[in-house]
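**Student:** Predicted model, plus sequence, below.
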Amino acid sequence: MQSPLNIYSEIGTLEKVMVHRPGKEIENLFPEFMKEFLFDDIPNLRLAQKEHDKFVEVLSSRGAEVLYVTDLASAALTEKKVRADFIDEFLTLPKQLHRDEESVYISLKEYLLSKSPTELVETLIRGIRKEEVFVEKRHKLAGMLDHPYPFYLDPLVNMYFTRDPYNVIGNGISLNPMNQTARKNETIFMKYIMNHHPEFKDADTPIIYDKSNNFSIEGGDQLILTPEVMAIGISSRTSPHAIEVLFKKLLSVNKSIKKIVAIQIPEERAFMHLDTVFTQVDTNKFTVHPAVIKIADEMNLFVMETDENGEIIVEKRTNLVETLKEVLELDDIILIPIGNGHVIEAAREQWNDGSNTLALAPGVVVTYDRNYITNETLRSHGVEVLEVPSSELSRGRGGPRCMTMPISRRRV
Ligand SMILES: NC(=[NH2+])NCCC[C@H](N)C(=O)O
């Protein structure tokens, strides 16, 4: 069966997309562990959900079919044996289990196995607080001590940024080994959806990358500029080794991608992924953080392609516009500076994901309404901008592109 996955660009009309509506996991965020969970503030859950519903409404209003990870995962986990494997895989990671006794593992597994597929998915995402499960204390000394850490299983608070833990390239999927411990378990949902969901399990879907490859890579760093060319960020989350391994695999299974431009970005919180400073809004138009424009002719860019023997060759470039013209074979590239290029407006709006646009079609993007200066700049370049409310969703440091995992786009 042909794979239902079909992504050959960043901008082709969005047909099918996967999202997660923020849920109870957000209420497991608290100040002491916020940084570890990669948040800078605690969103108001009810408002965040309203904003997310509005976001989904905008996607649907332009014809995209919106699927929820939780629904897909529940439908993939109908068999008990599959649920048991899924739980095992989930419980191998959490650091807090290792601090505790084996009996924690046994009790958690039993507790999770007693749940229906829908409840199981919901529980694994919201995390398990210690008071929720009874664990028999088998060791006398350790049993006398109470460890202050409040969870047996951490909440997956970043789950609504579906872009990062997995992403579609062509008709294949990259199951990304996440760089940050707080996000590692998110990838497992997609693995089970691909292997066990009725709509995906019999499809011929190449796995382009997975955790057997060790090096971390995340979807926020991967942009599919054309069917032949990708841009991938070398960032705090994505290692250069991973990019090379991914390219090799793409050359053998995807056969469409011929070139990768690896773009080095600073390893800073504000620049966590390439899509926080650079996104494609139309064939030749890109949003860019002015800090990047400033150094646009002295960047570390690496064009990867193959020679006539099929060997990978890597060449360094330094000029962003010239390199994009070269790899995209275009005469004209327009870089749209966020915050209209002003040092303060740009930094402020980029902090709230002003350059994290999601294209619904060539020249049509969804953005956060709070970034009104960037939105006007985009409009002045002829881009249609659909704004969504954003006071709560933005607190997780991700925007419309981060909140979506496109499954299918019409060819440009
Ligand atoms: N593609 C993106 N820019 N994703 C943003 C993810 C934000 C999330 N809090 C993290 O630190 O991982």
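**Tutor:** Thanks, I have the structure now.
**Student:** pLDDT score assigned to the residue most central in space within the chain?
**Tutor:** Taking C-alpha atoms, centre = their mean, the centroid of the chain lies closest to Asp164, which sits 1.6 Å from it. Listed pLDDT for Asp164 reads 98.
**Student:** Would you agree it is in contact with Ser174?
**Tutor:** No: using C-beta atoms under 8 Å, Asp164 makes no contact with Ser174, being 10.7 Å away. All C-beta spots, glycine's among them, are computed from the backbone N, C-alpha and C.
**Student:** any common contacting residues for these two?
**Tutor:** Gly219 (C-beta atoms under 8 Å, 6 or more residues apart in numbering).
**Student:** thinking again about what came up before, what's the residue nearest to the centre of the chain in contact with, if anything?
**Tutor:** Counting by C-beta under 8 Å, 6+ apart, Asp164 has contacts 158, 176, 178, 183, 186, 218-220, 237, 273, 402.
**Student:** what number of residues lie near the residue in the chain positioned nearest to the ligand?
**Tutor:** Of all residues in the chain, Gly220 sits closest to the ligand, at 2.3 Å by C-beta to the nearest ligand atom. Neighbours of Gly220 under the rule other C-beta atoms under 10 Å: 25.
**Student:** Surely it and Val277 touch.
**Tutor:** No: Gly220 lies out of contact with Val277 (C-beta under 8 Å); the separation is 10.6 Å.
**Student:** thinking again about what came up before, which pair in the contacts of Asp164 spans the largest distance?
**Tutor:** Glu186 and His273 (14.6 Å; C-beta to C-beta).
**Student:** Which one's more surrounded, the two?
**Tutor:** Regarding Glu186 and His273, a neighbour count based on other C-beta under 10 Å identifies His273 as having more, with 27 against 21.
**Student:** can you pull the contacts of the closest residue to that one other than its chain neighbours?
**Tutor:** Nearest non-adjacent residue to His273, counting by C-beta to C-beta, 6 or more residues apart in numbering: Gly220, 2.9 Å away. By C-beta under 8 Å, 6+ apart, the contact set of Gly220 is 161, 163-164, 233, 237, 272-276, 398, 401-402.
**Student:** got JSON lines for these, with distance to Ile87 and secondary structure too?
**Tutor:** As requested, the contacts of Gly220 are arranged in JSON lines below (distance: C-beta to C-beta, whole Å; DSSP: H, G, I helix; E, B strand; the rest coil):
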{"residue": "Phe161", "distance to Ile87": "24", "secondary structure": "coil"}
{"residue": "Arg163", "distance to Ile87": "26", "secondary structure": "coil"}
{"residue": "Asp164", "distance to Ile87": "23", "secondary structure": "coil"}
{"residue": "Gly233", "distance to Ile87": "33", "secondary structure": "strand"}
{"residue": "Arg237", "distance to Ile87": "27", "secondary structure": "coil"}
{"residue": "Met272", "distance to Ile87": "30", "secondary structure": "coil"}
{"residue": "His273", "distance to Ile87": "30", "secondary structure": "coil"}
{"residue": "Leu274", "distance to Ile87": "34", "secondary structure": "helix"}
{"residue": "Asp275", "distance to Ile87": "32", "secondary structure": "helix"}
{"residue": "Thr276", "distance to Ile87": "34", "secondary structure": "helix"}
{"residue": "Gly398", "distance to Ile87": "28", "secondary structure": "coil"}
{"residue": "Arg401", "distance to Ile87": "31", "secondary structure": "coil"}
{"residue": "Cys402", "distance to Ile87": "28", "secondary structure": "coil"}
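**Student:** and of the residues you listed, the nearest to Tyr105?
**Tutor:** Asp164 (27.4 Å).
**Student:** Ramachandran coordinates for that closest one?
**Tutor:** The phi/psi pair for Asp164 (degrees, to the nearest 10) reads phi -80, psi -40.
**Student:** That one and Ile217, how far apart?
**Tutor:** 10 Å (C-beta to C-beta, to the nearest Å).
**Student:** which residues are common contacts for these two?
**Tutor:** Common neighbours of Asp164 and Ile217 (C-beta under 8 Å, 6+ apart) are 176, 237.
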